[in-house]
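Chemist: A structural model of the following input is requested.
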Amino acid sequence: MNLKAVRIGIRRGWIEHAHLLKDPKEVIGTLFGTVVIFAALIVWVGDTEIEGTGVTATAYLTAGLLAFVVFGAGLITLPTALATDREDGTLLRLRGIPGGIPAYLVGRATTLLCQIAVQSVLIMATALIVGGAGAPRDWLTLTWVLVLGTVAVVPLGAAIGCLMPGPKAAAGILVFPTMALMATSGVLVPMAFLPEIVQTISQAFPLYWQGLGLRAAILPEAAAAAEVAGSWRLPQVAAVLAAWGLAGMLIAPSLIRRVTRRESGSRLVERRLAAAQR
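Modeler: Predicted coordinates:
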C-alpha cells in the first residue's frame with residue numbers, strides 16, 4: 001500500500017464521516033443509540049455499587065460501553081458495510097482503479113475511527129453529566145487501549161465482511177455472537193460473577209481484554225481486586241490485543257484479494273436478482 005492510497009483513503013473517510021454528521025437520521029440514531037440508552041441505564045442503576053468492586057454501576061458501565069463501541073464497530077458495522085459495497089458493485093468498480101481497494105479500506109477504517117471517537121466522547125460526556133462520574137484515572141491508558149482495541153478488530157472485521165453473503169445476512173449472523181460476548185466478557189458485570197468456564201472462554205476474545213484495559217484507566221486501583229487475576233494485567237492486555245490485530249492483518253488482505261478477484265458483472269447481476277426476489 002503506497003502513501004498516495006493512504007492519503008486518498010483518509011480524505012475519503014473523513015468526507016464520508018462529515019457527510020454522516022450532516023445526515024439527520026444518522027445523528028439521531030447515534031444520539032439515541034449512545035446517549036439516550038446510556039443515560040437511561042445510568043438513571044436506572046447508576047448509584048448502585050457493584051459488589052466487590054467499590055465502584056458504582058455508572059463507572060463500570062462507562063468502561064464496558066466504551067469497549068463494546070469499538071468491538072461492535074469493528075465486528076458489526078464494518079463487515080456489514082463491506083458486504084453492502086460488495087453487493088452493490090462498489091468493490092467491483094474499485095478493482096479496475098489503481099490503488100482503489102487499498103484506498104477504499106483506508107477510507108472505511110478512517111470513517112470507523114471517527115465514529116468511534118464521536119461515540120466515545122458522547123459516552124464519557126453522558127457519564128460525567130448524567131451520572132456524575134469523575135474523569136478517567138489514566139488518560140494515557142485509556143487512549144492506547146482504545147487505539148489498540150480498534151487495531152485488534154478492524155482487520156478482523158474486514159475479513160469477516162468478505163465472507164458475508166450480503167448486508168442483511170451479515171447483520172443477522174453477527175449480532176447474536178457479538179451480544180453473547182458482551183454478556184460474558186465482563187463489560188456488563190464483573191467476570192468474577194460468571195462461571196469459571198465462561199471466564200476461560202471469554203478471555204480468548206479481544207472484548208474482554210479491551211474492557212479490562214479500559215476499566216484500568218477509568219476505575220480506582222482498588223477495583224482491580226474484583227478482576228479474575230486480582231490485577232489489571234496491562235502488559236497482557238497489550239499483548240493480546242496486538243496479537244489479534246496482527247492475526248487480522250495477516251488474514252484480511254488475502255481474503256480481500258480473493259473476493260475482489262472473484263467479483264464479476266455476472267455475479268453482481270445474480271445477487272441483485274436474488275435480492276429483488278426476496
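Chemist: how many neighbours does Leu105 have?
Modeler: When neighbours are defined as other Cβ atoms under 10 Å, Leu105 has 23 of them. All C-beta atoms are positioned from the backbone trio N, CA, C, and that covers glycine.
Chemist: My read is that it contacts Ala158, right?
Modeler: Yes. Counting by Cβ atoms under 8 Å, Ala158 is a contact partner of Leu105 at 6.4 Å.
Chemist: Quick check: neighbours shared by the two?
Modeler: Common neighbours of Leu105 and Ala158, using Cβ atoms under 8 Å, 6 or more residues apart in numbering, are Ile256.
Chemist: any idea where the helices of the stretch 101-250 of the chain begin and end?
Modeler: Under the criterion DSSP state H, counting those that start in this stretch, the stretch 101-250 of the chain contains helices at 139-163, 167-184, 196-202, 206-218, 234-262.
Chemist: mind listing what's buried in the shortest one?
Modeler: Looking back up the chat, that one is helix 196-202. In terms of neighbour count (16 or more other Cβ atoms under 10 Å), helix 196-202 has its buried residues at Gln199, Ser202.
Chemist: again, but for stretch 157-164
Modeler: Buried-residue list, stretch 157-164, by 16+ other Cβ under 10 Å: Gly157, Ala158, Ala159, Ile160, Gly161, Cys162, Met164.
Chemist: Would you reformat the residues you listed as a markdown table and include distance to Ser185 and pLDDT?
Modeler: Listed next are the buried residues of stretch 157-164 as a markdown table, based on distance: Cβ to Cβ, whole Å; pLDDT from 0 to 100:
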| residue | distance to Ser185 | pLDDT |
| --- | --- | --- |
| Gly157 | 17 | 88 |
| Ala158 | 22 | 84 |
| Ala159 | 21 | 84 |
| Ile160 | 18 | 86 |
| Gly161 | 22 | 84 |
| Cys162 | 25 | 79 |
| Met164 | 23 | 81 |
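Chemist: Output the below-cut-off pLDDT ranges for this structure.
Modeler: Scanning the chain for pLDDT under 70 picks out 1, 46, 52-53, 94-99, 262-278.
Chemist: switch to 90 and redo it
Modeler: Regions of the chain meeting the criterion pLDDT under 90 cover residues 1-10, 12-13, 16-66, 68-124, 126-137, 146-147, 150-196, 198-200, 219-231, 245-278.
Chemist: quick one, which of the helices of the stretch 101-250 of the chain is packed in tightest?
Modeler: Mean neighbour count (mean count of other Cβ atoms under 10 Å) peaks for helix 206-218 among those, with a mean of 27.
Chemist: Against which helices or strands is that helix packed?
Modeler: helix 57-72, helix 139-163, helix 234-262 (3 or more Cβ pairs under 8 Å, 6 or more residues apart in numbering; DSSP states H and E).
Chemist: Switch the helices of the stretch 101-250 of the chain over to TSV; also include distance to Gly54.
Modeler: Below are the helices of the stretch 101-250 of the chain laid out as TSV (distance: least, Cβ to Cβ, whole Å):
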stretch	distance to Gly54
helix 139-163	19
helix 167-184	23
helix 196-202	21
helix 206-218	12
helix 234-262	20
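Chemist: Now render the helices and strands packed on helix 206-218 as a markdown table, adding distance to Gly29.
Modeler: Listed next are the helices and strands packed on helix 206-218 as a markdown table, based on distance: least, Cβ to Cβ, whole Å:
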| stretch | distance to Gly29 |
| --- | --- |
| helix 57-72 | 13 |
| helix 139-163 | 20 |
| helix 234-262 | 27 |
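Chemist: out of these, nearest to Pro79?
Modeler: For Pro79, the closest of the helices and strands packed on helix 206-218 is helix 139-163, at 3.5 Å, according to Cβ to Cβ.
Chemist: between the helices and strands packed on helix 206-218, which one is nearest to Gln119?
Modeler: Nearest of the helices and strands packed on helix 206-218 (Cβ to Cβ): helix 57-72, 4.8 Å.
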